[in-house]
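**Student:** got a sequence here, can you model it:
(2 chains)
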Amino acid sequence: MHDSFLTFANKRYLWVAIVLLLGCLVAYIWHDPSPHPNGGTWLGYTLGTIGAVLIYWLTSLGLRKRAYSSNLGSLGGWLSAHVYLGTALLLVALLHSGFQFSWNVHTLAFVLMTLVILSGFVGVFTYLRYPALMTRNRENASRQSMLEEISSLDQQSLQLADGIDARLHAIVARSIDNTRFGGGVRGMLRTNDASEQALRQVREALEKREKAGQSAEPRTQEMPTMYAMVDFLAAKATDVQAETMRKLLDALSRKKSLATRVSRDIQLQSLMELWLYVHVPLTFALLAALTAHIIVVFFYW
Amino acid sequence: MRWFVRRITRKGKGNVGYQDFAFDGDTLTIGRGADQVVALTDIRSALAHAELTALGSGKVRVESKVITGVKIDGRAERNAIVKRGAVIELGGVRVKLLDAPKGFDAAVEVSPLESVESRVASQALDKTLADTWLSKRRPAWFLFLVVALLFLLLPMFAHFVPQTRPVIDIIPLTSRMTWQSGELARAHHTFGDRCETCHEKPFQPVRDEACGACHGAIPAHADPAKFNLPALGNTRCAHCHRDHNGPDQLIDAQQALCSDCHRDMQASSKGATKLVDAEDFGTAHPPLKVNLPGWNDEGRFTPSRVELKPGLREASGLKFPHELHLRTKGLSGPEGSRVLDCGSCHVAEPGGGRMRPVDFETMCQSCHRLDFDLLAPDRQVPHARIPEILAMLDEYYAGRALAGGYEDARAPIFVQQRRRPGQALTAAQTIEARAWAGNRASEIGESLFTGRACNVCHTVTRSEGAAQDRWIVDPVRVSGVWFAKALFPHSGHSTMQCGECHAAAASKTSTDLLIPGIDNCRQCHGGEAAIKRVESTCITCHRFHDSPYQLMGDLQRAARESKPAVPEKKS
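**Tutor:** As a prediction, the model looks like this:
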């Protein structure tokens, strides 16, 4: 059975985190310093040390995942520990501070840490949800193979369209040109491609031909030239041309289905990666704030 | 116009060949049609895809014959004028404008776009976010540097280069104020941004000398000569006084700070103390001790510290039944009936700490008049000053005897008679008058001291000594400070009625000790962890810095120099 990072080694790191938290909580409740719990008591220093070591270690996941030859445990184990201990860190830091907050560099470190952890939660959510969605969306094909299939369908469509009419060729060529997967951050996060349009127009042309005499539905303002061409085609197409158009329609439909899937694939992958673009920069801000926090505390001891 | 056209062809693996030809005409047509100058084979190109028109001086107009347009330097255009070096992509080929060789007006190079694989790749422009402008590394380092600069480097710079503080410290983000873990104690706000007042050197805990610069004259805790307690001298100020915990939190009131020594005093003082262990006011505190009034053989007031228990009597020397004076129906005096209450005699000192001494002249004398002669009812002797009383009586009666007109049947006749001014007594009369005056003063004195005045409130004994010492009035003094080792402010208890702690209304004699014991306090006060009582720690009533022997600064200095501190008894 597949072992996710949450269930790694029978949730070993969940238990490590729970034991750590319980230990900190019991010490915190038992300690009860005056005037109120804070980072300057012996327990405060202890919790602070635990927290700082945790943060530096959690950050080192970025190094560990690049160190392919590392033999410091599996990356899955590291990720599992990263998630559970990172969550535990939130409480460790709260207890370290004694729930004291103010407008200072110390609270800044806490706020950054909280943001990093919350963005990490988003990451956990996407890692749990999106791989399954991606697998389902791809239906066991790789993205590369889908793209190659699209490419060959494009060739096929162009040849079919060329066999009908130069203007239909232009429509299809334009649709191919407009088919873009990803492209920019916004493009990746949305699913859209132009094949839908070409498909609709060709299908419309066919329907028009079959129901000759009936007036078409009211048109939208967009691309009157295209509609004019389609009208022309629908009116003049011969049976052979109509047959070829059906083949073209089939090719375009298959392409459309593939293109949607590729777009969705890119979208899912982008969504799965997006949180890291918050998580990582904030982590570095946190490293600076944490280092400042530690130095400052002892600078003006 | 004469065009130079070079067609690049790919042959097998990486081999490139080319074909050059010249074309005479203004417009170079490109497309899949057979009539095109540059004929293409790629199915993606239209029959007539684009036209290039040479405009001279290296400029070329590009016109797209398809609606989609052609890509010129990456941008889709339908009609544009370009210069040499421009790259036009259309229908599977790349057309590059070259420098026209000699004899030509324009030149293009037509090469096929890459294979199917790269076409596939170019369709998916950016496959992952890493291909876009989004970056993790750049914002990461940017944020790292910004945070480090604003919150660490600039404030630190302000610390080392004070001249920069007027600039760096007024910007809230870069000010060293962002280093403060909490607000300073109220009194320390005066330091402002002079952090080095306490934090003298970086990475060095605040030294006691820094505190001592202002607070050196604060008393120490106990006599280190008597109590060899290194903890007394070695204790850092910051052990109990931690700043940056808010405006009112500089004094750590935690009772454990006291009880870690006071829970086992015999051991911690190596038998040197008489103090009883105390830990928690609610559960582990010895009975209160009071200062009972007392006088030594020389007559000096030397109160004795006695454990407060039921039946303990006090001997202030005064006869004063509280019950009589607090009668609700009032007391009849020379000025009519008057109802007294506690406040008639017991007035708190300014500041509300202790009670002012009871004052005879203002509080008692309106009823307890010190007049001595019915013939002079407004004349009163002074209170408490015996020689003055005796002198006053002597002078008064001598004067009356010599002046005459003292209408008392028992006096010599010439004392009773009024005399004209200038009319002198004879020598014999003078002697007799003086003798009468002396006897009369003595008689009145006897009556005052032992009869109707002094003796009412004081214990007066007769002495066989000289006239000055004929009567001895026992000294009177209430304790003044009943709890010598604790602070009890009446001002903090102003919501209480006096009678709730002091059973004065029922006290018939002044030997009743009206000071309540610890049980009375515990009705409202509990220890540090009390829930249904006022949480009271050691320093609610006691002070740490209350040694009469030594100053904290001296003690710490002695401890630092690891020499035994020599106590100097303060006068």
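
**Student:** how close does B:Leu152 get to B:Arg176?
**Tutor:** Counting by CB to CB, to the nearest Å, the separation of B:Leu152 from B:Arg176 is 11 Å. The C-beta positions use only the backbone N, C-alpha and C, and glycine is treated the same way.

**Student:** oh, I was asking about B:Ile251
**Tutor:** Taken as CB to CB, the span from B:Ile251 to B:Arg176 is 25 Å.

**Student:** over to B:Leu154?
**Tutor:** From B:Leu154 to B:Arg176 the distance is 9 Å (CB to CB).

**Student:** what of B:Glu446?
**Tutor:** B:Glu446 is 81 Å from B:Arg176, by CB to CB.

**Student:** neighbour count for those two, which is higher?
**Tutor:** Legend: neighbour count by other CB atoms under 10 Å in any protein chain shown for B:Glu446 and B:Arg176, higher for B:Arg176 (22 against 13).

**Student:** what is the burial count for the residue in the stretch 201-350 of chain B that chain A sits nearest to?
**Tutor:** Proximity of the stretch 201-350 of chain B to chain A (CB to the nearest CB) peaks at B:Gln254, 3.2 Å away. Residues lying near B:Gln254 (other CB under 10 Å) number 17.

**Student:** so which strand or helix has it?
**Tutor:** When elements are assigned from DSSP states H and E, B:Gln254 belongs to no helix and no strand.

**Student:** next up, the contacts around it.
**Tutor:** For B:Gln254, the contact set (CB atoms under 8 Å, 6 or more residues apart in numbering or on different chains) comprises A:Pro33, A:Ser34, A:Pro35, B:Glu528, B:Thr537.

**Student:** equivalent analysis for B:His325, please.
**Tutor:** B:Leu331, B:Leu340, B:Cys345.

**Student:** in JSON lines, list the residues you listed along with pLDDT and secondary structure.
**Tutor:** Shown next, in JSON lines, are those (pLDDT from 0 to 100; DSSP: H, G, I helix; E, B strand; the rest coil):
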{"residue": "B:Leu331", "pLDDT": "89", "secondary structure": "strand"}
{"residue": "B:Leu340", "pLDDT": "91", "secondary structure": "coil"}
{"residue": "B:Cys345", "pLDDT": "90", "secondary structure": "helix"}
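
**Student:** just the buried residues from the residues you listed, in PyMOL please.
**Tutor:** The buried residues among the contacts of B:His325 can be selected in PyMOL (16 or more other CB atoms under 10 Å in any protein chain shown) with this line:
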select buried, chain B and resi 340+345
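
**Student:** quick revisit: from B:Gln180, how far off is the residue of the stretch 201-350 of chain B closest to chain A?
**Tutor:** 23 Å.

**Student:** do B:His322 as well
**Tutor:** Where B:Gln180 is concerned, B:His322 sits at a distance of 56 Å (CB to CB).

**Student:** what's the answer for A:Trp301, then?
**Tutor:** From A:Trp301 to B:Gln180 the distance is 13 Å (CB to CB).

**Student:** the more surrounded of these two?
**Tutor:** Taking other CB under 10 Å, A:Trp301 and B:Gln180 do not tie; B:Gln180 has more neighbours (19 against 15).

**Student:** hmm, that one is touching A:Val105, no?
**Tutor:** No. Using CB atoms under 8 Å as the test, B:Gln180 is too far from A:Val105 to be in contact (9.1 Å).

**Student:** what's the pLDDT at the residue nearest to B:Gly33 when sequence neighbours are not counted?
**Tutor:** Nearest residue to B:Gly33 in three dimensions, chain neighbours excluded: B:Leu47, at 3.8 Å (CB to CB, 6 or more residues apart in numbering or on different chains). The confidence metric pLDDT takes the value 82 at B:Leu47.

**Student:** likewise the one 5 residues further on?
**Tutor:** Confidence at B:Leu52, expressed as pLDDT, is 90.

**Student:** then A:Phe125?
**Tutor:** 91.

**Student:** what count of nearby residues applies to it?
**Tutor:** 12.

**Student:** list the buried residues of the strand or helix carrying it.
**Tutor:** Secondary structure from DSSP H and E places A:Phe125 in helix A:105-138. For helix A:105-138, a neighbour-count test (16+ other CB under 10 Å) marks A:105-110, A:112-117, A:119-120, A:123-124, A:126-127, A:130, A:133-134, A:137-138 as buried.

**Student:** those residues: which ones sit near chain B?
**Tutor:** A:Val105, A:His106, A:Leu108, A:Leu112 (CB under 8 Å from any CB of the partner chain).

**Student:** dump the residue contacts of the last one.
**Tutor:** Under the criterion of CB under 8 Å, 6+ apart, the contact partners of A:Leu112 comprise A:Leu282, A:Ala285, A:Leu286, A:Ala289, B:Val147.

**Student:** which residues of chain A fall in strands?
**Tutor:** A:181-182 (DSSP state E).

**Student:** how many residues are close by residue 15?
**Tutor:** I'll assume chain A. 12.

**Student:** chain B, not that one
**Tutor:** Neighbour number of B:Asn15 under other CB under 10 Å is 8.
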